[in-house]
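Peer 1: Return a 3D structure for these sequence lines:
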Amino acid sequence: MDYSDPYLLAYLRGGEKETIRVAALSLADRGLLQTTPDRVSAPDKNAMGLVRRPLESAILERLQVVGDVRSVLNSPFIKAACKEYKDKLQQLRLIPDDKAYAARLNRLLIALTLLLGVAAIKILVALSRGHHNIMFLILLAAFASYTAVKIYNPFRTALGDIVFADKTLFSSLKTRSSMIRPGGATGEAALLMAVFGVGALPMGNFPIIHQFEDKPKSTSPGCGGS
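Peer 2: The predicted model follows:
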């Protein structure tokens, strides 16, 4: 496991979207992206020559045309550049590969079939005996099914959870997070975001993180489709 690669760590923590978020923020911190409250762009066409990671190149290429943060986080073109991190983590058995996902899905389907089957039988028995207050059984079945999904389909493997939970290597970095300054001179900001999330950055020094946080989709009341 390469603990010096912030994007590999970010993928282990939160997958594609979080990796892209950390990479975009790192580029913005280094002055390679320009941002406004709702837009982001890479106006300097020479910026691609200043980066070496394919993910960073993909973000800069995609943002030669001004876009918004949501389009960056959800871009299939940029997500494709994250595959190297997924492959590496699967090789290290820190996240499940396709075979492991299939095995988990089979176990999950068996568990759900048993849970829902038992719940259905109990509900039918209750109704046959004239008991119509079955809401508790329905809620219990829903909770058990939700728990089964969470247990059988975690993002990381058990080994991945162990590796990710051990943050002792970065404890000193988090302790002195308030001293990290923007500019990307040391790469510490990217590592801090990768391991602890963008919220670990000191807001006073990095107000730009507001622009890369998840925002709920706005809706206009009373407006129909066009």
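Peer 1: longest single helix anywhere in the protein?
Peer 2: For the chain, the longest helix by residue count, based on DSSP state H, is helix 98-128.
Peer 1: buried sites along the next helix or strand after it?
Peer 2: Once the chain leaves helix 98-128, the next helix or strand it forms, by DSSP states H and E, is helix 135-152. Buried residues in helix 135-152, counted by 16 or more other CB atoms under 10 Å: Leu137, Ala141, Ala144, Ser145, Ala148, Tyr152. Placement of C-beta: from N, CA and C, glycine included.
Peer 1: ok, residues contacting whichever strand or helix holds Ala190?
Peer 2: Secondary structure from DSSP H and E places Ala190 in helix 188-196. With CB atoms under 8 Å, 6 or more residues apart in numbering as the test, helix 188-196 has contacts from 4, 6-7, 9-10, 13, 21-22, 25-26, 29, 167, 170, 173-174, 177, 180, 182, 184, 200-201, 206.
Peer 1: Distance from that helix to the middle of the chain?
Peer 2: When distances are taken as CA atoms, centre = their mean, to the nearest Å, helix 188-196 is centred 14 Å away from the chain's centroid.
Peer 1: Over to stretch 99-119?
Peer 2: 25 Å.
Peer 1: Any buried residues in it, and which?
Peer 2: Arg104, Leu108, Ala111, Leu112, Leu115, Ala119.
Peer 1: which one of the buried residues of helix 135-152 is nearest Leu63?
Peer 2: Checking the buried residues of helix 135-152 against Leu63 by CB to CB gives Tyr152 as the nearest, at 38.0 Å.
Peer 1: Distance check, the closest one against Arg104.
Peer 2: 5 Å (CB to CB, to the nearest Å).
Peer 1: circling back to that earlier point, mind putting the buried residues of helix 135-152 in CSV, distance to Val125 and pLDDT included?
Peer 2: CSV is the format used below for these (distance: CB to CB, whole Å; pLDDT from 0 to 100):
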residue, distance to Val125, pLDDT
Leu137, 10, 79
Ala141, 14, 82
Ala144, 17, 83
Ser145, 19, 83
Ala148, 22, 77
Tyr152, 28, 71
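Peer 1: Between those, which sits nearest Ile59?
Peer 2: Tyr152 (33.8 Å).
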